[in-house]
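Enquirer: Here you go, sequence then predicted model.
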Amino acid sequence: MEEKKNTKIKVIIISVVLVTLIGIAIAFFTSRSESGKKTVKVGNLSIIYENEKVFKLSNQFPVYDEDIEEDASKIEFTVRNNGNVLEYASISMIDITIDDKLKIPDFKYALYEKNISEPVKEGNFENAGTEINVESNIEFAADTSRDYVLYVWLSENDGDQSDLMGTTFTAKIKLEGYGKEQKEKVLLSEQIKKNSPISEDKPNFSTVATDDEGLIKDVDDDGDTFYFRGAVENNYVKFNGLKWAESDGRYHTANTDMLWRIVRINGDGTIRLIADGSIGNSAFNENWNEEKYVGYTYDNSEANVQDGTDSTIKKYLEDWYEENMMTYDEYIGTSKFCNDTTVTEESGSYVWYGAIDRLENNDPPTPSFKCNKTEKPYGGLYKDLKVGLITADEVMFAGGGYDSNESYYLSGKSGPFWTASPYFFGDDLAFTLEVVSYYGSMEPDMTSEWLATRPIINLKSDLMVTEAAGTINDPYIVG
């Protein structure tokens, strides 16, 4: 047994040597260790194992995967947190020596927690180097322990495996323990997927989502997108140090942590967030008597070129971003925002826009993450913005609709708030869609109304964060 310490990370190494002589019919595993129960303590963590139970020492035939519990070689150990604070651990195999012939998919390992049927982690040695991280960031609450079994075996493939006769494999098991401040960082998009099993089933958008429907796959202009729907509770993000600037009088108070909710992973890998509350009230456009005022910009020089006059809400959002988000600007990408001003029906001075056709006229509704090309000199697709608004389509994907829904994650965090989706113009009145979050339903309102504003931003696709559950008490933390 050897013990390694570091000033920042506590390392425990069980010096167990696995030597394998693998043949077509029989594979002998031997170990070099002392007998008797052993306990190694470093800080609050300890690992307990019995050397004589590390391996079965004879008659180790190639094993069918379903029989590893009875027939594979294994290491059994217990990890305990003796302290009164949360700790994390990583389990690795280090100092690996392996014959090239064993670098195959059939030479495998799997880590199980005892009495749990699904593996914590499984893999093979096809691309093995000198070290393999088996699993990282295993959480150990204060005064708790877990029993583990690590299996290593040659998988029986019912073929000729005689070329593996006489090959050898050795490795040591390493356990690293660390506190939350040292917890390893992971790619945010991958952690989101890990925490939320992905469904490819298309929801019924005729009904609102009152239950947690998790993470669902669809497509947008850039590829596969994964969106949260319903009463989800694991899509929280916090920017380290960002506070609400002022109280909204109902849902949050000044100088408390400003939380965000993940709307979706975009097709380009960026991650779309919406503020979990309002930054204040604004008109969409202070004017309302021309159809152009449903535009996020208007009087553009030509269709689809958004170099025209900024809407009231665009200026409001960008001023807020400049004042509050520049500390975190390096984490936020320039991304696409859609203000769909495609016309689905036009009669005289009356104009109906794309969202009403997809979401209200179709049965069932057909929301889309794709942005249609407009011929109007206002609105359209904005490609390089740091901040914007959610679309009505995204609200419906999230679980909203024209019926009340106080359960889904966009509801109940502000007063009625704006989306970027134009609805209708007629009788000199410009309407855009808004979410009435008191009840969770979508309804139109005039562009000149002063409603709550919930900014949308997009985190960069390569953002690494400390692993977390994404819940309100353990949000993903940026910065």
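Expert: Looks like it arrived, so ask away.

Enquirer: what mean pLDDT does the helix of greatest length in the chain have?
Expert: The single longest helix within the chain, with elements called by DSSP state H, is helix 312-324. Across helix 312-324, pLDDT averages out at 98.

Enquirer: just how off-centre is that helix within its chain?
Expert: Distance, stretch centre to chain centre, for helix 312-324: 27 Å (Cα atoms, centre = their mean, to the nearest Å).

Enquirer: ok, residues contacting that helix?
Expert: 242, 245, 279-280, 282-286, 296-297, 310, 386-389, 418, 453, 455, 457 (Cβ atoms under 8 Å, 6 or more residues apart in numbering). Just so you know, the C-beta spots here come from the backbone N, C-alpha and C atoms, and that holds for glycine as well.

Enquirer: cutoff 6 Å now
Expert: Contact with helix 312-324 is made by 279, 282, 283, 284, 285, 286, 296, 386, 387, 455, as judged by Cβ atoms under 6 Å, 6 or more residues apart in numbering.

Enquirer: can you pull the buried residues of it?
Expert: Residues 312, 313, 314, 316, 317, 318, 320, 321, 324 are the ones in helix 312-324 that count as buried (16 or more other Cβ atoms under 10 Å).

Enquirer: The second one and residue 147: what is the separation?
Expert: Going from residue 313 to residue 147 by Cβ to Cβ, to the nearest Å gives 56 Å.

Enquirer: So which of the contacts of helix 312-324 belong to helices?
Expert: Per DSSP H, helices hold no members of the contacts of helix 312-324.

Enquirer: Write the PyMOL selection for whichever of the residues you listed are buried.
Expert: Here is the PyMOL command that picks out the buried ones among the contacts of helix 312-324, judged by 16+ other Cβ under 10 Å:
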select buried, resi 279+282+283+284+285+296+386+387+455
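
Enquirer: and which of the contacts of helix 312-324 is nearest residue 169?
Expert: Within the contacts of helix 312-324, the smallest distance to residue 169 is 51.6 Å, found for residue 386 (Cβ to Cβ).

Enquirer: For the residue nearest the centre of the chain, give me phi and psi.
Expert: Most central in the chain under Cα atoms, centre = their mean is residue 192, positioned 1.5 Å from the mean C-alpha point. Main-chain torsions, residue 192, degrees, to the nearest 10: phi -60, psi -50.

Enquirer: Most widely separated two among the contacts of helix 312-324?
Expert: It's 286 and 386 that sit farthest apart of the contacts of helix 312-324, by Cβ to Cβ, at 22.9 Å.

Enquirer: Pipe the buried residues of helix 312-324 into a markdown table and attach distance to residue 262 per row.
Expert: A markdown table is the format used below for these (distance: Cβ to Cβ, whole Å):
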| residue | distance to residue 262 |
| --- | --- |
| 312 | 28 |
| 313 | 22 |
| 314 | 23 |
| 316 | 23 |
| 317 | 19 |
| 318 | 22 |
| 320 | 20 |
| 321 | 19 |
| 324 | 19 |
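
Enquirer: ok, of those residues, which one's closest to residue 432?
Expert: residue 313 (9.4 Å).

Enquirer: Look up how far residue 335 lies from the closest one.
Expert: Taken as Cβ to Cβ, the span from residue 313 to residue 335 is 17 Å.

Enquirer: do residue 141 as well
Expert: For residue 141, the distance to residue 335 - Cβ to Cβ - is 38 Å.

Enquirer: next one: residue 424
Expert: From residue 424 to residue 335 the distance is 27 Å (Cβ to Cβ).

Enquirer: So for the two, which sits in the more crowded spot?
Expert: Taking neighbours as other Cβ atoms under 10 Å, residue 424 and residue 335 compare with residue 335 leading, 23 against 20.

Enquirer: Quickly find the element holding the closest residue to the more buried one other than its chain neighbours.
Expert: Nearest-residue entry for residue 335: residue 458, 3.7 Å, with adjacent residues in sequence omitted and distances by Cβ to Cβ, 6 or more residues apart in numbering. Residue 458 belongs to strand 456-459 when assigned by DSSP states H and E.

Enquirer: C-terminal to that strand, what's the next element?
Expert: Following strand 456-459 toward the C-terminus (DSSP H and E): strand 464-466.

Enquirer: Quickly run through the sheet partners of that following strand, with directions.
Expert: strand 185-187 (antiparallel) (DSSP bridges).

Enquirer: which outside residues touch stretch 427-443?
Expert: Contacts of stretch 427-443 (Cβ under 6 Å, 6+ apart): 284, 288-289, 293-294, 392, 395, 400, 402-406, 411-412, 414, 416-419, 421-424, 444-445, 447, 451.

Enquirer: Can you give me the separation between residue 253 and residue 278?
Expert: 13 Å.

Enquirer: In terms of neighbours, single out the busier of the two.
Expert: With neighbours defined as other Cβ under 10 Å, residue 253 and residue 278 compare such that residue 278 has more, 24 against 12.

Enquirer: Quick check: pLDDT value at that one.
Expert: Reported pLDDT for residue 278: 96.

Enquirer: Show me what residue 380 bridges to in the sheet.
Expert: Per DSSP bridges, the residues bridged to residue 380 are residue 339.

Enquirer: Read off the pLDDT value for it.
Expert: At residue 380, pLDDT is 94.

Enquirer: domains of this structure?
Expert: The record's domain parsing of the chain by automatic domain parsing lists 2-182, 188-478.

Enquirer: Number of residues surrounding residue 288?
Expert: Per other Cβ under 10 Å, the neighbour tally for residue 288 reads 19.

Enquirer: no wait, residue 73
Expert: When counting by other Cβ under 10 Å, one arrives at 23 neighbours for residue 73.

Enquirer: What segments of the protein are helices?
Expert: 68-71, 188-195, 312-324, 354-356, 392-398.

Enquirer: In TSV: those, plus distance to residue 348.
Expert: Output for the helices of the chain, formatted as TSV (distance: least, Cβ to Cβ, whole Å):
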stretch	distance to residue 348
helix 68-71	74
helix 188-195	48
helix 312-324	27
helix 354-356	17
helix 392-398	25
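
Enquirer: which stretch among these comes nearest residue 97?
Expert: So among the helices of the chain, helix 68-71 is nearest, using Cβ to Cβ, at 22.6 Å.

Enquirer: Could you find the closest non-adjacent residue to residue 256?
Expert: residue 244 (5.6 Å).
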